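1. model this:
(chains A and B)
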Amino acid sequence: MAASQPCETRMPRPETGRGGWHGGPAARAVFRRGVIRVLIVANLLLGLNYLVWRYLDSINWAAWPVALALLAAETYSYIGAFLFGTVMWRLRPRGEPPPPPPDATVDVFITCYNEPVELVRATVRAAVAIRYPHRTYVLDDGESPAIRAMAEEEGVGYIVRSVDWRGRPRHAKAGNLNNALLQTQGEFILLLDADQIPSPEILDRTLGYFRDPKVAFVQTPQWFYNVPPHDPLGCQAPLFYGPIQQAKDGWNAAFLCGSNAVLRREALIQLGIARYAQELTEQVHRALRTADTVLRAAERQLPPDGRAPLHTALRELHTLVRDARAALQAGRTIQEVTWEFQRRVEALSLPLVREQLVQLQTELAQLPGLGSAEPRLADHLDDPATLRALARREWSPLAAIAAVRELLLAVDVDRAGEAQPVMPMATISVTEDLATSQRLHALGWRSVYHHEVLARGLAPEDLRSALQQRLRWAQGTIQVLLRENPLFVRGLSWGQRLAYFYTMWEYLSGFATLVYLTAPPLYLFFSWAPVRAYSADFFGHLVPYLAVNQLLFLVVGWGLPIWRGQQYYVTLFPIWIQGVFSAVANVYFGRPLSFVVTPKTRQQVRGQLVLVWPQLLFVGLLALGLLYGLGRLVLGLGDWVPVGVNIGWAGYELLMLSVIFQALTYQPAADQPAVPTVPGSPTLSRPLQAEPH
Amino acid sequence: MDAHVDVRPDGVAILHLRGRLDLVTAPRVKELLAKTVAEGHPRLVVDLAEVSFIDSSGLGALISGLKAARVAGGDLRLARVGEQGRVVLGLTTLDRVLRPYATVEEALAGY
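-> Residues are numbered from 1 along each chain as shown, chains lettered A, B, ... in the order given. This next block holds a predicted model:
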């Protein structure tokens, strides 16, 4: 339907060329940044003025639960404004990219997981047609024969997980990429999701940034061609793939977004090696630190009678652990310490193995008709190589005790629990892109956000998929916050810390929104007022702050359709809350995240009401409260000012939440919109719709 | 990248590498290490005296060789790492894990 509707061109472009403004686009950018900086300062001062007044002179203790909850929500919002202001301070649109190097080697990775074959084929063909010389690979985590056949037909590489991954954690997309990184060797890697159709010039427009040898990656926007102009599901993200990333870029903190990005292999592998060294060191230290407890528990598990050799061996293991700890203290490397430890465990296990084999031989001898097995066993008793093999690590009789087995496996250098020792893409979060960017920045690498649409993809077309996608972003972002809080990560500058923390802070907004949605009905129904009086004092503090706040947002998002994004920022509060709870449960209690790969095909429209019941509940409460308040005013029962304020407040929140009805009634076009085979064609350009990252 | 393997009478294999150990040559080195281990020589010494340049992919190949060797009950030791190699080991903090031995003989001690 709308896909081929000709619209005004407002696709992101580098800000160069014929500007109407005197002084050109560069001067315009400087002027705009100046205005933004003035507004940032004004916003923070007015906000501080408001908040100080709220803390010191406004709290209505008679309704303290509402009063304190609202104060907490407003404090949250003010910190958010501070972070937003800090990030925006360095809004820096880049101009034309530098020319690409003449002889770089590039691998194009198309990651897929059970998408329809023809959808992937369209991406593969567009990838092959990229002008800059490159190799194209399909990274098929679904291991589908149809995708394999398609890759062969199109003449591109086809990569699935190696055997090392069998029975080990797969780590979703991060694992898929890590696997492929070890099977390819291009200097640069272009990441594309299965549905992201690249423009032929995508590499020519991005590789030039790598002339700076410290640049690790270049991210370009994500833009969706199946989204109608009014973007009912809020899939386009013009504020994020625009001022926000451009401002983060100013702090050297633009982050990877999984697709439409070019990465430097050296940076990724170096990160993988550094993480290997760090995590291995931690693993060995931790195992040796807790070994005493583990061994004591293991001794208690042994039957008190008999098994004396095992008792003795466990006691000797204590000594080995102590020696290993001392060696680490003395500065010996993990390699030396673990080698020594494993050899001594082997020596310790040898008598036990021999004893077991002798016992086995005796038992076998008593069985009739098994005489032929006997001499072979006897051979093994004399073969040192076999005995050593049976005494080693997980084969050792000591490893029969599960906790000891864990210890023996942990005090080694191979990270036995993982498919690969070196995992460049971070596996601590389902948003591996965010986590990996933060680690690259902490290692001192640089990043670039290039503001030009160079690939066009498919957005979710039904509510469930859209919600699932946002939930995954929220979960992943909070996972990174909990596991590697940027405020405390070594190697990041303070600007980078705040830029990352800003993104995480925003994902906590669900709780504040809940308060903002609850307060008006509580006043309208029960007259529980969070402030002592809706007085001139109140308006004098609040109105300037709100006005400048809105103005700042308006200037930052100038020319961009950011309204839809603002609506979803509020409306998705249950998703943001669920994301936080589920990430906390995952990180601290080991509970699995509900991680569903976003389907790229349409799903049933049924049952959608269940998905958004909290929003519908609040629409009902706010609407009833609004009508009740109006009724009271008409009947002359309420104070005009406070009731009026709360009616206006409720009306504003209703306007925000009203997007849910657009989402519920949205019926995507029956046919897939035409895949943009001629990317850049003006008929495909449409105004972007909003979404807060 | 040239490589030749000397197997000592005690079964320890010494790999003499020559040239650049980078993203282009790393897959071959990784393969060679895996092959040497699979042929029954899990105790390895990699002599890097003639290696002019190592990048992270090169280190990655050495780590995968180390893993293969350890799983087979052996080890992989680095000998005669050059100045640039030491810098890369330090940059990735891999020098906390791998000990660079000054000579092949030193690496062989205690094998």
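2. Check what contacts the helix or strand of chain B with the lowest mean pLDDT and list those residues.
-> One helix or strand of chain B scores below all others by mean pLDDT, DSSP states H and E: strand B:2-7, with a mean of 92. Contact with strand B:2-7 is made by B:13, B:14, B:15, B:16, B:17, B:18, B:19, B:28, B:29, B:32, B:36, B:41, as judged by C-beta atoms under 8 Å, 6 or more residues apart in numbering or on different chains. Every C-beta, even on glycine, is put in place using the N, C-alpha and C of the backbone.
3. and if we set it to 6 Å?
-> Strand B:2-7 is contacted from outside by B:13, B:14, B:15, B:16, B:17, B:18, B:19, B:32, B:36, B:41, using C-beta atoms under 6 Å, 6 or more residues apart in numbering or on different chains.
4. Quick check: of the residues you listed, which has the highest neighbour count?
-> residue B:36 (24 neighbours; other C-beta atoms under 10 Å in any protein chain shown).
5. any idea which residue sits dead centre in chain B?
-> residue B:46 (3.4 Å; C-alpha atoms, centre = their mean).
6. so who does residue A:39 touch?
-> A:551, A:552.
7. helix or strand for it, which one?
-> helix A:24-57 (DSSP states H and E).
8. And that helix, how far out from the chain middle?
-> Relative to its chain's centre, helix A:24-57 lies at 30 Å (C-alpha atoms, centre = their mean, to the nearest Å).
9. cool, and stretch A:207-223?
-> 20 Å.
10. near chain A, which residues of chain B show up?
-> B:23, B:55-57, B:59-60, B:63, B:66-67, B:70, B:73, B:75, B:92-94, B:96-99 (C-beta under 6 Å from any C-beta of the partner chain).
11. Quick one: the helices in chain B, in order.
-> Here chain B has its helices, by DSSP state H, at B:26-38, B:56-71, B:83-91, B:104-108.
12. Can you give me every residue that contacts the closest residue to residue A:268 other than its chain neighbours?
-> Excluding its sequence neighbours, the residue lying closest to residue A:268 (C-beta to C-beta, 6 or more residues apart in numbering or on different chains) is residue A:424, at 4.0 Å. By C-beta under 6 Å, 6+ apart, residue A:424 lies in contact with A:178, A:181, A:268, A:269, A:271, A:272.
13. Can you tell me which of these is nearest chain B?
-> residue A:269 (3.8 Å; C-beta to the nearest C-beta).
14. thought that closest one was touching residue B:58?
-> No - with contact defined as C-beta atoms under 6 Å, residue A:269 and residue B:58 do not form a contacting pair (9.1 Å).
15. The two: which is more packed in?
-> Taking neighbours as other C-beta under 10 Å, residue A:269 and residue B:58 compare with residue B:58 leading, 27 against 23.
16. what's the nearest residue to that one if we skip its chain neighbours?
-> In space, and not counting its chain neighbours, residue B:58 is closest to residue B:21: 3.5 Å by C-beta to C-beta, 6+ apart.
17. State the distance from that neighbour to residue A:48.
-> According to C-beta to C-beta, to the nearest Å, residue B:21 stands 57 Å off from residue A:48.
18. More neighbours: which of the two?
-> residue B:21 (27 against 14).
19. coming back round to it: now do the phi/psi pair for the residue nearest to residue A:268.
-> Here is the backbone geometry of residue A:424 (degrees, to the nearest 10): phi -60, psi -50.
20. Where does pLDDT dip in the stretch 1-150 of chain A?
-> Along the stretch 1-150 of chain A, segments meeting pLDDT under 70 span A:1-23.
21. residue boundaries of the helices in it?
-> A:24-57, A:64-88, A:117-128, A:145-154 (DSSP state H, counting those that start in this stretch).
22. what's the neighbour count on whichever residue of the stretch 1-150 of chain A sits closest to chain B?
-> Going by C-beta to the nearest C-beta, chain B is nearest to residue A:105 of the stretch 1-150 of chain A, at 8.6 Å. Per other C-beta under 10 Å, the neighbour tally for residue A:105 reads 15.
23. tell me the contacts of it?
-> Applying C-beta under 6 Å, 6+ apart, the residues near residue A:105 are A:186, A:187.
24. Which residue is the nearest non-sequential neighbour of the residue nearest to the spatial centre of chain A?
-> For chain A, residue A:431 is the residue whose C-alpha lies nearest the centre (C-alpha atoms, centre = their mean; 2.0 Å). In this structure, residue A:431 finds its nearest non-sequential neighbour in residue A:476, 2.8 Å apart by C-beta to C-beta, 6+ apart.
25. Quick check: the one you found touching residue A:427?
-> No - using C-beta under 6 Å, residue A:476 makes no contact with residue A:427, being 11.5 Å away.
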